[in-house]
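**Student:** quick one, fold the following:
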Amino acid sequence: MTYTTQDLIEILDRELKASWKGKRIVLSSRERINDPVVSKLLDMKQVSKVFAYQDFRNQVHQYQKQHHVSGIIWRNCHFKEQTICFPEIYNQLIPIEADKQVLIQAKDSIINFWQEVTSGMKFWLANTPGQVEEAGMEREELENVADGGKTTHHLKISSEYVDKLIRQAEWVEVDAARTEIYLGLCWGDPLEYRYQWAKPKSGCDRVIASPTIPSSIKI
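**Tutor:** Numbers count the residues shown, from 1 in each chain. Next comes the predicted model:
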């Protein structure tokens, strides 16, 4: 019998708990850290727990590939008394080849939900000071939001520019806070799109819809 996606999630959860209780160890932990100075500063017992879980998770990922077990889970997003159920890759699993098409097929329903619940709201492109010229905006329109002494840059954009980003995206994600809702506009490899180093081949732009200036929540 092949394990299901939910089976693998439960197995990983049990293994993570076992690792952090010290029931799993990796004897070669110190050898895996190339810098001898850094290795002396670290608590190798804690490092061993991390490596033990990572090794086990890599085996699970190989199992996914071998048996074509999806990395997708379905999640609900609630906003303005409305709900959408949509697919996303579970953060401890990897996408298999067929998963990208599932993500793509859900795009239209998520966008319909987004457009309905964001009517009359304002839009910002999140954390993108370098995209001012690309968006055709003046630099002084960049919104600066305080974030614990740091500055988070959110670029105010038009609904037309949001529509342009939507058309360019292969698949989308959505999440919500109490008064704001966030749209992820994604493309490329579902395994790499969250990492900055993967751009421009893969990536995800984040749009914030808010009735006022957005909060400093990291998205």
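
**Student:** quick check: closest non-adjacent residue to His67.
**Tutor:** Thr2 (4.9 Å; CB to CB, 6 or more residues apart in numbering). Just so you know, the C-beta spots here come from the backbone N, C-alpha and C atoms, and that holds for glycine as well.

**Student:** residue ranges of the strands in this structure, please?
**Tutor:** Along the chain, the stretches classed as strands by DSSP state E are 72-79, 82-89, 122-126, 142-147, 150-157, 171-176, 181-187, 203-210.

**Student:** possible to save these as a markdown table with mean neighbour count and mean pLDDT?
**Tutor:** Below are the strands of the chain laid out as a markdown table (neighbours: other CB atoms under 10 Å; pLDDT from 0 to 100):
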| stretch | mean neighbour count | mean pLDDT |
| --- | --- | --- |
| strand 72-79 | 15 | 97 |
| strand 82-89 | 16 | 97 |
| strand 122-126 | 22 | 93 |
| strand 142-147 | 14 | 48 |
| strand 150-157 | 18 | 72 |
| strand 171-176 | 21 | 97 |
| strand 181-187 | 22 | 97 |
| strand 203-210 | 22 | 95 |
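
**Student:** separation between the residue nearest to His67 and Lys100?
**Tutor:** 21 Å (CB to CB, to the nearest Å).

**Student:** more neighbours: which of the two?
**Tutor:** Applying other CB atoms under 10 Å to Thr2 and Lys100 shows that Lys100 carries more neighbours, namely 19 against 9.

**Student:** quick one: contacts for that one?
**Tutor:** Contact analysis of Lys100 by CB atoms under 8 Å, 6 or more residues apart in numbering lists 170-171, 190.

**Student:** repeat for Pro211
**Tutor:** Pro211 touches 120-122, 179, counting by CB under 8 Å, 6+ apart.

**Student:** now it: how far from His154?
**Tutor:** Distance from Pro211 to His154, by CB to CB: 14 Å.
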